[in-house]
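Trainee: Need a 3D model of the following:
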Amino acid sequence: MPDSNLQSNAAAAPAAPSVVVVIPFYNGSAFIERALRSIAAQSTPAAEVVVVNDGSTAEERAFLERIQPQYGFKLVNQDNGGQGAARNAGVAASSAPYICFLDQDDFYLENHTRILTEAIPPDEPRWGYVFADLWEADGEGRIFQHTQYNGPDRRPKHNLLAMLRDDLFVLPSAALIRRAAFEAVGGVDTQFMGYEDDDLFLRLFRAGYTSHYVDKAVTVWCKHTGSTSFSMRMNRSRFRYFKKLAQALPDEPDFKRFYLRDCLMPRFGRYFVGATIQAIELGDENLPELRDILDEYVAIVLASPVVRSRTKFKLRVAQALAHRGSRGLVRAINVFTKLPVIRRLRP
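Mentor: Sure thing, here's the model as predicted:
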């Protein structure tokens, strides 16, 4: 005969928080089943799984439809709008109060959802998200390292200057976001196809939502050359994000807050110069567009009255090299100085 005390204890046990997992999908048949298997293997199951097909080919869409019965996910099809638009669509197609994202080429460790839901603060009305550590791997899922948060500079940041100066390094695949907070800030800004994560978490911070870090790995982040991080699309998005921040955060001299000089230039400037110099060396077809980005960046910096003259001069030299330097000249400078050009010319 069943023990009545055990029955009553089981009945009184609180239900696990209801979580939706949203996967943006774009021609990702090589990876998606690994991601879906990791969701199915969770010690705390997700209440909903939504895969958003973001304008993939007909063959890739047919692949999703073929595996849908096996994995039991909700499929949303839309025209290609980028990962941010796909995430917004997946959230809109679900109802769970807590949101987890998973990139198609990443995968969860077995206790991902349990660890993150257990970290939800019980008595904090302004919390926005919780996040955790992650493992890094190659495209095949072979582990490269077991942590990404090796020092205090990679830990959670609780002031605006630090969040602007450094990569926030909150991976959506290793985070759980409160739906009410996500919707309150308008979800993901779809103008970005890269840096949309930083933008979202920064807006949550600016809106008064708090974050909590769990010092355990919950996700495997798979890096490979097909990732958005290595594309021209990322270069464009990086510059859009830089301009959004520069426009939204004018300097505040009374408080000695010089956002462009002290935060945005150290973080982004080396990319705008470096990508252009590298494109010259490689004979990249995107060189004209990269030169245009660099020119606009230089104009923004030169207009600032607080940036040092020496820094402006170095930036002008880099700009001149970007427009007049040949591939041979760039290579020669690299060889004879024994240092990358970018280290000598960046602000």
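Trainee: my guess is residue 28 contacts residue 102, does it?
Mentor: No - assessed by C-beta atoms under 8 Å, residue 28 is found out of contact with residue 102, at 11.2 Å. C-beta: built from backbone N, CA, C; applies to glycine.
Trainee: give me every residue that touches residue 247.
Mentor: Residues counted as contacts of residue 247 (C-beta atoms under 8 Å, 6 or more residues apart in numbering): none.
Trainee: Looking at it now. What's its pLDDT?
Mentor: Looking at residue 247, its pLDDT is 97.
Trainee: Please report the distance of it from residue 304.
Mentor: 13 Å (C-beta to C-beta, to the nearest Å).
Trainee: so what's residue 73 up against?
Mentor: 23, 36, 49-51.
Trainee: Which of those fall in strands?
Mentor: 23, 49-51 (DSSP state E).
Trainee: model confidence over stretch 177-197, on average?
Mentor: 96.
Trainee: those strands in the stretch 1-150 of the chain, which residues are they?
Mentor: Using DSSP state E, counting those that start in this stretch, the strands of the stretch 1-150 of the chain run over 19-25, 48-54, 74-78, 98-101, 107-108, 127-137, 143-145.
Trainee: any chance of those strands in a markdown table, plus distance to residue 309?
Mentor: A markdown table is the format used below for the strands of the stretch 1-150 of the chain (distance: least, C-beta to C-beta, whole Å):
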| stretch | distance to residue 309 |
| --- | --- |
| strand 19-25 | 45 |
| strand 48-54 | 46 |
| strand 74-78 | 50 |
| strand 98-101 | 45 |
| strand 107-108 | 50 |
| strand 127-137 | 41 |
| strand 143-145 | 42 |
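Trainee: Same list (these) but as TSV, adding mean neighbour count and mean pLDDT.
Mentor: Listed next are these as TSV, based on neighbours: other C-beta atoms under 10 Å; pLDDT from 0 to 100:
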stretch	mean neighbour count	mean pLDDT
strand 19-25	26	98
strand 48-54	24	98
strand 74-78	16	98
strand 98-101	25	98
strand 107-108	25	98
strand 127-137	22	93
strand 143-145	11	84
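Trainee: So for residue 203, which of those strands sits nearest?
Mentor: strand 127-137 (9.6 Å; C-beta to C-beta).
Trainee: Distance from the closest one to the middle of the chain?
Mentor: Distance of strand 127-137 from its chain centroid, counting by C-alpha atoms, centre = their mean, to the nearest Å, is 11 Å.
Trainee: Quickly run through the sheet partners of it, with directions.
Mentor: With DSSP bridges as the test, strand 127-137 is paired with strand 143-145 (antiparallel), strand 175-178 (antiparallel), strand 210-222 (parallel).
Trainee: can you pull the contacts of the residue most central in space within the chain?
Mentor: Central residue of the chain (C-alpha atoms, centre = their mean): residue 197, 3.8 Å from the mean position. Shown in contact with residue 197 (C-beta under 8 Å, 6+ apart): 168, 170-172.
Trainee: which of the residues you listed has the most neighbours?
Mentor: Tallying neighbours with other C-beta atoms under 10 Å puts residue 172 at the head of these, with 25 neighbours.
Trainee: so where is the stretch 201-347 of the chain shaky, pLDDT-wise?
Mentor: Low-confidence segments of the stretch 201-347 of the chain (pLDDT under 70): 225-230, 329, 331-347.
Trainee: Tell me where it has helices.
Mentor: 232-248, 259, 265-282, 287-302, 309-324, 327-337, 341-345 (DSSP state H, counting those that start in this stretch).
Trainee: Nearest to residue 59 among these would be which one?
Mentor: Short answer: helix 232-248, nearest of the helices of the stretch 201-347 of the chain by C-beta to C-beta, at 22.4 Å.
Trainee: list the buried ones in that closest one?
Mentor: Residues 234-246 are the ones in helix 232-248 that count as buried (16 or more other C-beta atoms under 10 Å).
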